[in-house]
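> Model the structure of this input:
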Amino acid sequence: MLLNQQRKTAMARFYTLGNGYILQILAALSASLLEISDGMQYGWSSPVIPILESKNSPVKITSEDSTWLETIFLLAGPLALVITPVLVDKIGRHKTILIISCLSIIGWILIGVGTRVEILYLARFLFGTVSDIIFTTVAMYTSEIADKEIRGFLNGLMYVFLYLGFILIYSLAPSTPFYVPSVVAAGILLLQILTFIPMPESPYFLMKKQRYESAMKSLKRLRSKTNCETEFEKMKNCMEDSEHKSNIKEAIFKKTTLKAFICATILFVAQHFCGLSVILMNLYTILEKAGSIYLDSNTTEILFALLMLVSMITRFTTR
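Residues are numbered from 1 along each chain as shown. Below is the predicted model of the structure:
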């Protein structure tokens, strides 16, 4: 009962935009726009590969090329495990998000103007790498700038924007020229860059770099108040404890770390072994072969993505 009351109170505070939440919400929304591009690229192969395999294809491909255009996106993901920690710790969360936005625009340009399958391979590999960086960095940035009362809700926006990306690519690709989805995605990314540039860096990153004055300024902007000394000291103490508490081996084999790692691994394996990625990347082909007599495959594909979006919104507004 008490927990439910606390959640209702937090939601009420969120909807009234009180207590300095406005900039936090805007920053999280701006960063999460990257997920629209990510969702469009994740679902890209479903409506686009049938077009590329058709007689009027703008880029001639074989059935083997089709398989690799899907697979290379997933194979590039592990590269992010090496790149992400270096980027977020060396240049910061804010700059990393901006760099990834620029790389994503380059990827969409390659797809939009590409006339050879090798160019599409390059773009898909690039997107496969940045996809995992996006997911990690946006979640990290949002968590570090947000008050605890709305932190979970703001992180949930990532998934809402992700499924919006699926709806966009499923809607645009079958009914517009080949380059149009690239133009739309690049436009969204440009909007993301322009709105995100003035947003503050994570105070946790600034504090980690011992830039305490900048960290305090960032925190005051995010909280929209001048009296942040208490929270600042808590953050500073937490940061110092995490740096001196244990060595790397102890940190890795801590009970809480192992528990989180096991849970994340199980969820990741279950997600892929249940065939989610295969379904999302081949939804049009699956529906086409199923031979529905009530709705065409393109419409059903869009309804499928809409159902995922509604389910996600329902989950985060009723929990």
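> For the stretch 201-319 of the chain, which segments count as helices?
In the stretch 201-319 of the chain, helices defined by DSSP state H, counting those that start in this stretch lie at 203-208, 212-223, 229-244, 248-252, 255-273, 276-281, 283-290, 297-318, listed in chain order.
> So which of the ones you listed is nearest residue 129?
When these are ranked by distance to residue 129, counting by C-beta to C-beta, first place goes to helix 276-281 at 16.1 Å. From N, CA and C alone the C-beta is placed, and that goes for glycine too.
> now the closest residue to residue 159 other than its chain neighbours: how far from residue 232?
When the adjacent residues along the chain are set aside, residue 159 lies closest to residue 312, with 5.0 Å between them (C-beta to C-beta, 6 or more residues apart in numbering). Counting by C-beta to C-beta, to the nearest Å, the separation of residue 312 from residue 232 is 34 Å.
> any weak-confidence spans in this structure?
By pLDDT under 70, the weakly predicted segments of the chain are 1-20, 240-258, 260-261, 264-265, 267-268, 271-272, 316-319.
> Can you name the next helix or strand after the helix ranked longest in it?
Taking residue count as the measure and DSSP state H as the definition, the longest helix of the chain comes out as helix 117-145. Next helix or strand after helix 117-145 toward the C-terminus (DSSP states H and E): helix 148-172.
> next SSE after that next one?
For helix 148-172, the succeeding helix or strand toward the C-terminus, using DSSP H and E, is helix 180-196.
> CA atoms only: put that following helix into CSV for me.
Extracted in CSV, the C-alpha atoms of helix 180-196 (Å, rounded to 0.1, in the frame of the first residue of the first chain):
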residue,chain,number,x,y,z
VAL,A,180,12.7,8.5,-47.9
PRO,A,181,13.2,6.6,-44.6
SER,A,182,16.8,7.7,-44.6
VAL,A,183,15.8,11.4,-45.0
VAL,A,184,13.2,11.0,-42.2
ALA,A,185,15.7,9.3,-39.9
ALA,A,186,18.4,11.8,-40.6
GLY,A,187,16.0,14.7,-40.0
ILE,A,188,15.1,13.2,-36.6
LEU,A,189,18.7,12.8,-35.7
LEU,A,190,19.5,16.4,-36.7
LEU,A,191,16.6,17.5,-34.4
GLN,A,192,18.1,15.4,-31.7
ILE,A,193,21.6,17.0,-32.1
LEU,A,194,20.2,20.5,-32.1
THR,A,195,18.1,20.0,-29.0
PHE,A,196,20.7,18.0,-27.1
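> Buried residues in it, which are they?
Taking 16 or more other C-beta atoms under 10 Å as the neighbour-count basis, helix 180-196 is seen to contain the buried residues 181, 182, 184, 185, 186, 188, 189, 192, 193, 196.
> export the helix or strand containing residue 104 as CSV, just CAs?
Residue 104 belongs to helix 93-113 when elements are defined using DSSP H and E. What follows is the C-alpha trace of helix 93-113 in CSV, where atoms were taken according to Å, rounded to 0.1, in the frame of the first residue of the first chain:
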residue,chain,number,x,y,z
ARG,A,93,28.1,10.8,-21.8
HIS,A,94,27.0,14.0,-23.5
LYS,A,95,29.6,14.1,-26.2
THR,A,96,29.3,10.3,-26.8
ILE,A,97,25.6,10.7,-27.6
LEU,A,98,26.4,13.6,-30.0
ILE,A,99,29.1,11.6,-31.7
ILE,A,100,26.8,8.6,-32.1
SER,A,101,24.1,10.8,-33.5
CYS,A,102,26.5,12.0,-36.2
LEU,A,103,27.6,8.5,-37.0
SER,A,104,24.0,7.4,-37.3
ILE,A,105,23.3,10.3,-39.8
ILE,A,106,26.3,9.0,-41.9
GLY,A,107,24.8,5.5,-41.8
TRP,A,108,21.5,6.7,-43.1
ILE,A,109,23.2,8.7,-45.8
LEU,A,110,25.0,5.6,-46.9
ILE,A,111,21.8,3.7,-47.1
GLY,A,112,19.9,6.5,-48.9
VAL,A,113,22.5,7.0,-51.6
